[in-house]
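In: no FASTA, just this:
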């Protein structure tokens, strides 16, 4: 079973960077990954029981019950059969392929917005919405302030009118800045069209200046090392559409590869495939490329962040302990698993 686990993990690593996956393949990979985790847990449990028995910490009779070993063997046999079936179907598919800061997010509630504001003014232990609003009014009374609401996706307009009316009574002359990806959200919140600022994309010269700053950072401000890099870089840049985040992300990805034109060409090709065939934005494509470049062990750790809610504050040590407990990290040489975990976190 241990050998099959190692082979299955290798298969998952090989399929991680497929640029396009059919939904059935995505589902199969997800199920296969769950089976790997389940088998890993069972084998770990067996190893722990075996260590206890060898140490004499518990009565050996506890771990030699025929029922336990029968049930464990049956579970592993079932998992093994499922893995074999999935690997066969995935193998057939792969043979046919060419494997060449506090934002007001989608899930923000009115209470969360107010709680966030009040936490920045003073510590709180209130649970009632009206109490929180009253406390905000007390903290801001007689003051002039700037309220900044970042990345607003939607707003409860009756609550927003009530909120603004309440604040206007205690903080006259203050202002509120709202950032949103949807202009309708701003106008619905009462912002005059003349006060809406639309960020412009960078022109070609500005884009190249930003790109060069990150892509050729190791050249210490000098020009690119070869005319071919210049040509390849400008082709990649054209796909960024003047968006600073896309430019910085893909340029940082290219920076360690300024001695390999082949790698630049490969990234250019993959970038094109993601945008044209994957039909995603240049920003998402650049982030996908960065993720694809991560080694498998870091991808597993990075994906753990997805279970946390937006803007959640986590302790590094608690996160590393979780990674170690899930078996995502092992010690290496003289370094413990915990020390390796902090290295992984630093790399991410």
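Out: Great, that's in hand. Because the structure is a prediction, the values reported are computed rather than measured. Residues are numbered from 1 along each chain as shown.
In: domain parsing for this structure?
Out: As assigned by automatic domain parsing, the chain contains the domains 2-95, 110-195, 204-293, 297-347.
In: rank the ones you listed by mean pLDDT and give me the bottom one.
Out: Among the domains of the chain, domain 2-95 has the lowest mean pLDDT, at a mean of 65.
In: look up how far residue 294 lies from residue 339.
Out: In this structure, residue 339 and residue 294 are 20 Å apart, going by C-beta to C-beta, to the nearest Å. Where you see a C-beta, it was placed from the backbone N, CA and C, and this is true even at glycine.
In: host element of residue 158?
Out: helix 157-168 (DSSP states H and E).
In: now do the helices in the stretch 101-250 of the chain.
Out: With helices called from DSSP state H, counting those that start in this stretch, the stretch 101-250 of the chain shows them at 110-121, 129-140, 157-168, 183-188, 204-215, 227-238, 244-254.
In: quick one: closest of these to residue 85.
Out: Distance to residue 85, taken as C-beta to C-beta, is lowest for helix 244-254 among the helices of the stretch 101-250 of the chain, at 37.3 Å.
In: and that closest one with helix 204-215, angle?
Out: In terms of direction (axes from the mean of the first three to the mean of the last three C-alpha atoms, to 10 degrees), helix 244-254 departs from helix 204-215 by 40 degrees.
In: buried residues, whatever helix or strand comes next after helix 244-254. List them.
Out: Proceeding N to C from helix 244-254, the next assigned helix or strand is helix 261-276, under DSSP H and E. For helix 261-276, a neighbour-count test (16 or more other C-beta atoms under 10 Å) marks 263-264, 267-268, 270-271, 274-275 as buried.
In: residue contacts, the spatially closest residue to residue 211 that is not a sequence neighbour?
Out: Distances taken as C-beta to C-beta, 6 or more residues apart in numbering put residue 251 closest to residue 211, at 4.8 Å, once the chain neighbours are dropped. Counting by C-beta atoms under 8 Å, 6 or more residues apart in numbering, residue 251 makes contact with 210-215.
In: try it again at 10 Å.
Out: Neighbour list for residue 251: 207, 210-217, 233, 236-237, 240, 286 [criterion: C-beta atoms under 10 Å, 6 or more residues apart in numbering].
In: for the residues you listed, which ChimeraX command selects only the ones that are buried?
Out: Applying 16+ other C-beta under 10 Å to those, the buried members can be selected in ChimeraX as follows:
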select :207,210,211,212,214,215,216,233,236,237,240,286
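In: close enough to count as contact, residue 174 and residue 142?
Out: No: using C-beta atoms under 10 Å, residue 174 is not in contact with residue 142; the gap is 11.0 Å.
In: who has more neighbours out of the two?
Out: For the pair residue 174 and residue 142, the greater number of neighbours falls to residue 174 (14 against 7), based on other C-beta atoms under 10 Å.
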